[in-house]
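Engineer: mind looking at a prediction? Sequence and model below.
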Amino acid sequence: MLKVGVIADTHIPDRAQDLHPGLIPALETAGVDLILHAGDICLPDVLTQLEKVAPVQAVRGNRDWFFQPSLPWILRYEWEGISVALVHGHGSLWQYSWDKVQYLFKGYQFYRYHNVVTGEAGSAQVVIFGHTHTPENRHVEGRLLFNPGSACHGVRRSVIPSFGILQFDNGQVNGEIRRLEGWKLTGGRWVEGVHGNKTRKK
């Protein structure tokens, strides 16, 4: 069995100064064999911190200027007989720009990103992506589309930061979204508490 931790959209330091305080402990507790980062990492130190838990592989997101050209746009794997593609999910410049317009008027719509990421991933049975800051763990037309959500913040205030776990075992894959609760971002700093009950900063 292979257990993979999946992370996306950490956005350090453009939106948060540090990784979510619960992320590293949660990955350690989960006992992951490998960590995938689906882009918008922003600073290389993020990957260095994650590598203390398990080997890390990553793709470049639309905000990953520091990684040009060291990170690829897509990675492909085959685990336990299952083909996997890892992308960020923003698509071409045209797709990215058009989606910004669509989002202003219609908000988040899964099908828009489905069309982009499946086009990039080809025939992969599991498509891992980020970009939307919205968790997804759904089967569509015989393939698993998996977005761990943002480990920094959701696209809406009600969406809690999260990461994902994928388990590959004997030709089967199971996905799980795990929420990172107990902390909120305030001015780029992590504040401990629930629903704005601030007790200390990190």
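Structural biologist: Thanks, I have it.
Engineer: next one: phi and psi at Arg76?
Structural biologist: Backbone torsions for Arg76, taken as degrees, to the nearest 10, come to phi -130, psi 140.
Engineer: please name the bridge partners of it.
Structural biologist: Ala85 (DSSP bridges).
Engineer: can you name the residues that contact it?
Structural biologist: Ser83, Val84, Ala85, Leu86, Ala124 (Cβ atoms under 8 Å, 6 or more residues apart in numbering). Bear in mind the C-beta positions are built from the backbone N, C-alpha and C, glycine included.
Engineer: quick check: the last one vs Phe163, distance?
Structural biologist: I take that to be Ala124. 21 Å (Cβ to Cβ, to the nearest Å).
Engineer: look at those two and report which has more neighbours.
Structural biologist: Per other Cβ atoms under 10 Å, whichever of Ala124 and Phe163 has more neighbours is Phe163, with 28 against 22.
Engineer: quick one: secondary structure of that one?
Structural biologist: Secondary structure, DSSP: H, G, I helix; E, B strand; the rest coil: Phe163 is strand.
Engineer: pretty sure it contacts Gly22?
Structural biologist: No - Phe163 is beyond contact range of Gly22, at 9.3 Å (criterion: Cβ atoms under 8 Å).
Engineer: mind listing the shared neighbours of these two?
Structural biologist: Common contacts of Phe163 and Gly22 (Cβ under 8 Å, 6+ apart): Leu180.
Engineer: mean confidence score for stretch 133-151?
Structural biologist: Mean pLDDT, stretch 133-151: 94.
Engineer: could you number the chain from 30 rather than 1 from now on?
Structural biologist: That works, and once the first residue is 30, the last one we named lands at stretch 162-180.
Engineer: what residues sit buried inside it?
Structural biologist: 162-166, 172-180 (16 or more other Cβ atoms under 10 Å).
Engineer: contact partners for Lys81?
Structural biologist: Taking Cβ under 8 Å, 6+ apart, one finds Ile53 in contact with Lys81.
Engineer: pLDDT score assigned to it?
Structural biologist: 96.
Engineer: how near is it to Val35?
Structural biologist: Look at Lys81 and Val35: by Cβ to Cβ, they are 17 Å apart.
Engineer: A strand includes Thr58, no?
Structural biologist: No - if the criterion is three-state DSSP, then Thr58 is helix and not within a strand.
Engineer: mind listing what it touches?
Structural biologist: For Thr58, counting by Cβ under 8 Å, 6+ apart, there are no contacting residues.
Engineer: pLDDT below threshold where in this protein?
Structural biologist: 120, 123, 183-187, 223-231 (pLDDT under 70).
Engineer: can you pull the contacts of the residue nearest the centre of it?
Structural biologist: Nearest to the geometric centre of the chain sits Ala37, at 2.2 Å (Cα atoms, centre = their mean). Counting by Cβ under 8 Å, 6+ apart, Ala37 touches 66-69, 90, 117, 158-160, 176-180.
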